[in-house]
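Visitor: When you get a sec, could you give me coordinates for this:
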Amino acid sequence: MLIRSIIAAACCGAVLAATPASAEIAYVSNERSASVSVIDLESGTLVDTFAVGERPRGILLSKDGKYIYVCASLEHAVEVRDAKTGALVAVLPSGNDPEQFFLSNDGKLLFVANEDNAATTAIDLEAGKVAWQIPVGDEPEGIAQSPDGKWLLVTSEEDNLVSWIDLATREVVHETETDVRPRHVEFTPDGKQVWVAAEVGQKVHVVDVASKSIVDTLEFAPPGALPYKILPCGIRFTSDGKTAVIALGRADSIAVVDVASHEIRGYVKTGGRPWHLAITADDSKAIVANGGSDDIAIVDLAKLEVVSRVAAGKGPWGVVLAK
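Guide: So this is what the prediction gives:
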């Protein structure tokens, strides 16, 4: 598969290079087709697809924009690929079943949630090897570093909690209990709050970072959605910290929330099972991966409407944006 990936990437390089330099590009991991879709957001078109390892989920961009990191969950590895061509650059050891990961604030480490072995792994990107590993709760998936660099938070789906790892001591110093099966964790840009999506609990918790306690819990009711299908997962904030966008899974919608008041501004029906998303650099649009309808939705956040949908691979899961 890796050889096929390199050949496919070499063939697509000219296509990617033809994209205008100012255009924003979406890279979408397709977990059921073992591929990454490359979408030009300016034209709303699929410009390329390249093969990656089996069951790709988490996807990130390096700080310098040169590389894409992909969690190849079934291959227990993280792939490093050239962002312009998709060519395979390296395969990093990551621990068992990497689901989500987070690039450290300084860009030197990848923090990986290992669902199969109740641990989080730090990969030294320069050395290309595991730097350390810390036990956490069962079935870890969501992971994020605080903006000040002090905390690494990891959700445990099985134990219904968030582990607070002090990065100075590399120890779990606190656990915050959540509703059922927390899937994603996201810090507000100012670092004062962290929002936790409890998927099966059908809620998003707002946690105060100073006290590590839940200060509010959000519930959702998108029009026409059956209550049992409301399964919050991916969360992203606009860069100014004023708006949160939350994917609601099998409710086939996203919620747009005012961060200061925690009030829901509205819902947008995006397509089948939105799972994760990204927000454009100008904060005007959300790019939503629809895992059930095999496409992405481009959502105007001011108008609260889908402006276009673009076909991707099978089971889009994650999305990351690049210039």
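Visitor: So what's the residue count around residue 196?
Guide: Using other CB atoms under 10 Å, residue 196 has 28 neighbouring residues. C-betas here are computed from N, CA, C, even on glycine.
Visitor: Can we start the residue count at 50 from this point?
Guide: New numbering, starting at 50: the last item is residue 245.
Visitor: Identify each buried residue in stretch 330-350, please.
Guide: In terms of neighbour count (16 or more other CB atoms under 10 Å), stretch 330-350 has its buried residues at 334-340, 342-348, 350.
Visitor: hmm, I was thinking of stretch 276-292
Guide: Buried residues in stretch 276-292 (16+ other CB under 10 Å): 279-287, 290, 292.
Visitor: Out of these, the closest to residue 257 would be?
Guide: residue 290 (15.0 Å; CB to CB).
Visitor: Can you verify residue 356 is assigned to a strand?
Guide: Yes: under DSSP: H, G, I helix; E, B strand; the rest coil, residue 356 falls within a strand.
Visitor: thinking it is in contact with residue 345, fair?
Guide: No: applying CB atoms under 8 Å as the test, residue 356 and residue 345 come out as separate, 11.6 Å apart.
Visitor: Tell me the confidence at residue 60?
Guide: On pLDDT, residue 60 comes in at 38.
Visitor: next one: residue 144
Guide: 84.
Visitor: how far away is it from residue 224?
Guide: Separation of residue 144 from residue 224 (CB to CB, to the nearest Å) stands at 20 Å.
Visitor: what's the answer for residue 149, then?
Guide: Relative to residue 224, and taking CB to CB, residue 149 is found at 19 Å.
Visitor: For residue 298, give me the backbone phi and psi.
Guide: The phi and psi values for residue 298, taken as degrees, to the nearest 10, are phi 60, psi -130.
Visitor: Can you report phi and psi for the residue nearest to it when sequence neighbours are not counted?
Guide: Spatial nearest neighbour of residue 298, excluding adjacent residues (CB to CB, 6 or more residues apart in numbering): residue 280 at 3.3 Å. The phi/psi pair for residue 280 (degrees, to the nearest 10) reads phi -130, psi 80.
Visitor: and residue 280, what does it touch?
Guide: 248-249, 251, 297-300 (CB atoms under 8 Å, 6 or more residues apart in numbering).
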